[in-house]
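> I'll drop the sequence and a predicted model, then ask my questions.
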Amino acid sequence: MRGATHAKWAACAAAVALAATACGGGGSDSGGGDSGAVLSSSWGDPQNPLEPANTNEVQGGKVLDMIFRGLKRYNPKTGAAEDMLAEKIDTSDSQNFTVTVKSGWKFSNGEAVTAQSFVDAWNYGASLKNNQKNAYFFGYIEGYDKVHPEDGSKQTADTLSGLKVTGTNTFTVKLTQKFSTFPDTLGYPAFAPLPKAFFSDHAAWIKKPVGNGPYAIESYTKGSKMSLRKWDGYPGDDKAENGGVDLKVYTDNNTAYTDLMAGNLDLVDDVPAAQLKNVKNDLGDRYLNTPAGIIQTLAFPFYDKNWNKSGSEKVRKGLSMAINREQITNTIFQKTRTPATDWTSPVLGEKGGFQDGLCGDGCEYKPDEAKKLIQEGGGLPGGQVKISYNADTGSHKEWVDAVCNSINNALGNDKACVGNPVGTFADFRNQITQKKMSGPFRAGWQMDYPLIQNFLQPLYYTNASSNDGKWSNKDFDKLVDQANQETDTSKAIGLFQDAEKVVRDNMAAIPLWYQNGSAGWSDRLSNVALNPFSVPVYNEIKVG
Amino acid sequence: MPEQPYEPEGAIAGTGMGGAMDLAASEAVTLEKTPGGPEGTGPQQKPRSLWSDAWRDLRRNPVFIISGLVILFLVVISLWPSLIASGNPLKCDLAKAQEGSQPGHPFGYDGQGCDVYTRTVYGTRISISVGVLATLGVAVLGSVLGGLAGYFGGAWDSVMSRITDIFFAIPVVLGGLVLLSVVTSNTIWPVIGFIVLLGWTQVYRIARGSVITAKQNDYVQAARALGASDSRILLRHIAPNAVAPVIVVATIALGTYIALEATLSYLGVGLKPPTVSWGIDISSASAYIRNAPHMLLWPAGALAITVLAFIMLGDAVRDALDPKLR
Amino acid sequence: MGRYVVRRLLQMIPVFIGATLLIFLMVNVMGDPIAGLCGDKQCDPATAAQLKKEFGLDKPVWQQYLTYMGNVFTGDFGTAFNGQKVTELMSTAFPVTIRLTIVAILFEIVIGITLGVVTGLRRGRPVDTSVLLLTLVVISVPTFVTGLLLQLLLGVEWGWIKPSVSTDATFSELIVPGLVLASVSLAYVTRLTRTSIAENRRADYVRTAIAKGLPRQRVIIRHLLRNSLIPVVTFIGTDIGALMGGAIVTERIFNIHGVGYQLYQGILRQNTQTVVGFVTVLVLVFLVANLLVDLLYAVLDPRIRYA
């Protein structure tokens, strides 16, 4: 491979210049590995252009994680938000923040990363006219209502009034309300800095994005392949341990897995469920299964009277208790999912607000009690529940059928529960946003940042962006407001957990299981890990 | 396109094909009777029509008898599945998922822990109904329209053929997602209707092609010269000679339609759960071929037997209709 | 003949308009694509409205259609949701799919017709029965499964091929996918040829030819086969379009980024521009293929005349 050799030479030259480490035979530091070798990895075609504030799914996120570094970075192991480009972020009132950017950072095109790079990027992301799908991340910053009027009225400003550049490396942020954990949200890719080239020649940038991360994009063929190479000028500590990554687009994760077995591919970060039984045989210990910040739930249409009358909570709780989570996660998912016992995720850790068993007996399989509760609650609306899901992605049919079988067995009625597939994801989302659901439906949540707030507020706060069931509860809203204003982290988390208990007592959504990330790799690779977002930590992978 | 050197062989081929009439004994019989018969009234005047001839043949054909018995058996199972399966196809125990054959459960369990034998037996009804009804619809609609287009040609042919072009252009996935996602009915009719709507064009083309060939034959010209009406020529002379390719395509299509139902279900727009069908079971089993091939084997085997029976039946019927093979 | 071709070419215009309109309406009926773009989260209404405006979805359907057709005639097929030009997508997808289709059609012609002739001449013999059994396997086991099995056996167990096709998608890489794609059609072609051959082999002209003392091979190929091919040619002709647009499953299994894949993505994401663009080109392929088939009728059977 010519490209690889070339990259290796460049890498060595740079390594000599920068740190004078041994070069040539590989085997320089612990565990060895050829720092010039390139690995290939499975990828999915991102459905939006790769702008940081426009990428809302994991495939685009994968690339952004390699080519960008923001003010904060979530520790790949613990998920804790740690300073990356931020020298410090100061606040006295949890509402006005002063950000100091480390000096010496550059984009891979040579331009320096300054306070202006951040402010420009954030203004771009928030502005309505740029169609950025993650614009709402900037919603707490003062002036957002002017650059992004929610009611469809005319946009009256181009920049956020709450952002001010005060020096080459400092800027201030003013929020519309107190938000104590705001700095911890800044590791989300939408908050990444952008070089001038992004604004001056946007089309060229989209064709070949330029960032400030450990990798730079060498070539990008939309829909089939992206070649990323180690950027030798990268100033951070988390330099790439390999020569680069070739992302290959697969339309079917099963094909990617087969390619891995045939030695055609080095890394698969999404092992198909049907193959999980063979993983031990095929890969031995070259397989990883770690918790990720994803929880799967069943949401209910609270706009439908049948699901929002007195006694409904008993029906919902009864349904929850009729689901044998243990058996389904073991059999269908081969333990790549863990039965949920609260509404957050284990990746938060006890300190971050995860509380094992908060759900109590409501999430345990008790078929007799389930039957009793449902009868007490007035029975299933219409005598049958239909669980809606989209059939085009994610093979949801299997677990929905299993959940239904479990409910049917518990209630002793063949037709108490049936799956209701919807052809496309877009149609499924339309039915949700237009409030057309008449029974429980699949809801999955992948965290944006590892905070308990992110598992509760967007999902259950009145009219929140992902409150698909339109659940609304004054007590919950009040507790969340209080928690956001609380400057003491542990107190804030306590308040969030109180709010979560309100969710539990109403069974606003049935928690099903926590999803793990899984990955398999070829024998060329070592030191493979997944971060809490179930994205491989590419820069740490060693090849050879 | 290469120029065709027609001269000697071409001429022989041309006349030779027409000469098929001489071999068509029964055909010749009907032809002779034609002028005498007063406008097709009184069937008793034709003691041996082509169709009754064919029927006499079929009754003695072992292939026909065997395939007929298999189909009869399938129909009986469709109507009364509990005759040979005592279990409940919807009763599933996840703890037994993917387990193999064991006493009382000869075919083992599927991915959800349902009994494969019971599901295969109960799936017969839906799969056979979808397959047979859709095939009938496609064959009737396609061959009638295609036959007319091929026979009359001209404007009718042009318009119909271009309409089929448009239908051909609709991708099955798109058509399914659009047309079937609107339907909320829980019956098999939308799926059958959909298959007929997208499938008839194939038979149309085949039928049109064979009719175009068949109408060149001398016996057709002869019948026309003798003053036979269009409908009589089409039904009596052309249909029996053009039906073979349609039967071939239809019998194979029967199998593919049963499989297509599975594709539609897989896309989430086919038959809604908790319907039991071979197609649904085949498509959910295909993910597990490495671990539990038995899940695939039985429903696919049932489908194979069904297709075989219909192919054999089709072959026998075709042979009976074709006097040249006697 | 010339006039006939011109007439047929002219007829393509209404078909073209009809088909594009139909597809356009169908994609529109599927509903609002914006919701899907925003992922599991709901787009805020302002962004959704802005996106609709950008993709021209805020206008009435007829106006969208007219604008679209206007652009198509100037060679602009619009932009996919990921910001890529549809013409760019086509220029990468069509060559791959055309190669795949050629491989599949070759399999149909070579294997299908050969098996058909052999079984047609040897009706009821062991060859006939074994081919029938093979046909049954192909029909009753979905392409999905045959594809996966071949991929596992040839790609992983025996290492003869690479399990997935590279972005270059050369002919040699496409042999196995082409075979899988052609498998069901192979069953049709084989059975159709077999029936036709069996039907025609006792025809007078064949007897005459044999009586003339022509070599057996010549009789089979020049006389028997030629007269038996009309239904087969019809089938293969209609199959070209179906293979090109319908290779979704095969392309998925072997990771081929061709027309089927783009079309499927476009449909799932309800991307009107991609779907209509690709289908438009496919319609043209259908039309040309059908025209060729009709002209072939006249070649195969000189008694058929077009005026």
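Looks like it arrived, so ask away. Numbers count the residues shown, from 1 in each chain, chains lettered A, B, ... in the order given.
> Wait, a helix at residue A:239?
No - Residue A:239 is assigned coil when assessed by DSSP: H, G, I helix; E, B strand; the rest coil, not a helix.
> Leaving out chain neighbours, which residue sits closest to it?
Nearest residue to residue A:239 in three dimensions, chain neighbours excluded: residue A:214, at 5.6 Å (Cβ to Cβ, 6 or more residues apart in numbering or on different chains). From N, CA and C alone the C-beta is placed, and that goes for glycine too.
> where exactly do the helices run in the stretch 1-150 of chain C?
Taking DSSP state H, counting those that start in this stretch as the test, the helices found in the stretch 1-150 of chain C are C:2-29, C:34-37, C:45-54, C:61-73, C:86-107, C:113-121, C:126-140, C:143-150.
> can the ones you listed go into CSV with extra columns for distance to chain A?
Listed next are these as CSV, based on distance: least, Cβ to the nearest Cβ, whole Å:
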stretch, distance to chain A
helix C:2-29, 11
helix C:34-37, 3
helix C:45-54, 5
helix C:61-73, 17
helix C:86-107, 7
helix C:113-121, 30
helix C:126-140, 21
helix C:143-150, 7
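> quick one: residue A:197 and residue A:171, what's the gap?
Distance, residue A:197 to residue A:171, using Cβ to Cβ, to the nearest Å: 21 Å.
> which intervals of the chain have sub-threshold pLDDT?
Using chain A. A:1-34 (pLDDT under 70).
> Wait, chain B was what I had in mind.
When residues are selected by pLDDT under 70, those of chain B lie in B:1-50, B:322-326.
> what does chain A put close to chain B?
Within chain A, the positions lying close to chain B (Cβ under 8 Å from any Cβ of the partner chain) are A:254, A:272-275, A:277-278, A:324, A:327-328, A:331-332, A:390-392, A:395, A:397-398, A:401-402, A:404-406, A:408-409, A:414-415, A:418-424, A:427.
> Weed out the non-buried ones from those.
A:254, A:272-275, A:277, A:324, A:327-328, A:331-332, A:390-392, A:395, A:397-398, A:401-402, A:404-406, A:408-409, A:414, A:418-424, A:427 (16 or more other Cβ atoms under 10 Å in any protein chain shown).
> Any residue of stretch B:278-287 touching chain C?
Yes - under the criterion of Cβ under 8 Å from any Cβ, chain C is reached by stretch B:278-287 at B:282-283, B:286.
> Tell me which of those fall in helices.
Secondary structure from DSSP state H places B:282-283 of these in helices.
> now the residues of stretch B:278-287 next to chain C as TSV including neighbour count and distance to residue B:104?
Formatted as TSV, the residues of stretch B:278-287 next to chain C follow (neighbours: other Cβ atoms under 10 Å in any protein chain shown; distance: Cβ to Cβ, whole Å):
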residue	neighbour count	distance to residue B:104
B:282	29	23
B:283	25	26
B:286	23	26
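> right, and the helix or strand after the helix or strand hosting residue A:349?
Take DSSP states H and E as the rule and residue A:349 turns out to sit in helix A:349-352. Next helix or strand after helix A:349-352 toward the C-terminus (DSSP H and E): helix A:367-376.
> so what secondary structure elements neighbour that next one?
Judged by 3 or more Cβ pairs under 8 Å, 6 or more residues apart in numbering or on different chains; DSSP states H and E, helix A:367-376 is in contact with helix A:312-321, helix A:397-411.
> what distance separates the longest one from the centre of its chain?
Put plainly, it is helix A:397-411. Computed by Cα atoms, centre = their mean, to the nearest Å, the chain-centroid distance of helix A:397-411 equals 28 Å.
> Which residue comes closest to residue C:285 once chain neighbours are left out?
Among residues not flanking residue C:285 along the chain, residue C:241 sits closest, at 5.4 Å (Cβ to Cβ, 6+ apart).
> Now do the one you found, the pLDDT please.
pLDDT recorded at residue C:241 is 77.
> for residue A:517, what are its contacts?
Residue A:517 sits next to A:269, A:288-292, A:530, A:533-535 when contact means Cβ atoms under 8 Å, 6 or more residues apart in numbering or on different chains.
> wait, I meant residue A:192
By Cβ under 8 Å, 6+ apart, residue A:192 lies in contact with A:52, A:64, A:68-70, A:121, A:211-212.
> rerun at 7 Å
Applying Cβ atoms under 7 Å, 6 or more residues apart in numbering or on different chains, we find residue A:192 in contact with A:52, A:64, A:68, A:70, A:121.
> Secondary structure element for the residue in chain C positioned nearest to chain B, which one?
Closest residue of chain C to chain B, Cβ to the nearest Cβ: residue C:205 (2.0 Å). Using DSSP H and E, residue C:205 falls within helix C:204-211.
> List the buried residues in that helix.
Buried residues in helix C:204-211, defined by neighbour count with 16+ other Cβ under 10 Å: C:204-206, C:208-209.
> Output stretch C:138-145 as CSV - backbone C-alpha positions only.
Taking Å, rounded to 0.1, in the frame of the first residue of the first chain, the C-alpha atoms of stretch C:138-145 are listed here in CSV:
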residue,chain,number,x,y,z
VAL,C,138,-33.5,-21.6,-6.2
ILE,C,139,-37.1,-20.6,-6.0
SER,C,140,-37.9,-21.7,-2.5
VAL,C,141,-34.7,-20.5,-0.8
PRO,C,142,-34.7,-16.7,-0.9
THR,C,143,-31.9,-14.8,-2.7
PHE,C,144,-31.0,-13.5,0.7
VAL,C,145,-30.1,-17.0,1.9
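> Give me the mean pLDDT for that stretch.
Rounded mean pLDDT across stretch C:138-145 is 76.
> picking up where we left off before, ok now the helix or strand following the helix holding residue C:205, how far from the chain's centre?
Downstream of helix C:204-211, the next assigned helix or strand under DSSP H and E is helix C:216-218. From the chain centre to the centre of helix C:216-218 is a distance of 33 Å (Cα atoms, centre = their mean).
> quick one: is helix C:216-218 near chain B?
No - using Cβ under 7 Å from any Cβ of the partner chain, helix C:216-218 stays clear of chain B, with a minimum separation of 8.9 Å.
> so after that helix, what's the next helix or strand?
With elements assigned by DSSP H and E, the helix or strand that comes after helix C:216-218 is helix C:226-245.
> For that next one, C-alpha coordinates in CSV please.
Presented in CSV, the C-alpha positions along helix C:226-245 are these (Å, rounded to 0.1, in the frame of the first residue of the first chain):
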residue,chain,number,x,y,z
ARG,C,226,-34.4,-19.7,-32.9
ASN,C,227,-38.1,-20.5,-33.1
SER,C,228,-38.2,-21.2,-29.4
LEU,C,229,-36.7,-18.1,-28.2
ILE,C,230,-39.5,-15.6,-28.4
PRO,C,231,-40.9,-16.1,-24.8
VAL,C,232,-37.3,-16.3,-23.5
VAL,C,233,-36.2,-13.1,-25.2
THR,C,234,-39.3,-11.4,-23.9
PHE,C,235,-38.5,-12.5,-20.4
ILE,C,236,-34.9,-11.5,-20.5
GLY,C,237,-35.8,-8.1,-22.0
THR,C,238,-38.2,-7.3,-19.2
ASP,C,239,-35.7,-8.7,-16.7
ILE,C,240,-33.0,-6.2,-17.6
GLY,C,241,-34.8,-3.3,-16.0
ALA,C,242,-35.9,-5.5,-13.1
LEU,C,243,-32.3,-6.6,-12.5
MET,C,244,-31.0,-3.1,-12.6
GLY,C,245,-33.5,-1.6,-10.2
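> And that helix, what's buried?
By 16+ other Cβ under 10 Å, the buried positions in helix C:226-245 come out as C:226-245.
> the inter-axis angle of it versus helix C:204-211?
Put simply, helix C:226-245 runs at 120 degrees to helix C:204-211, going by axes from the mean of the first three to the mean of the last three Cα atoms, to 10 degrees.
> Please report how far residue A:342 lies from chain B.
Distance of residue A:342 to chain B, computed by Cβ to the nearest Cβ, to the nearest Å: 24 Å.
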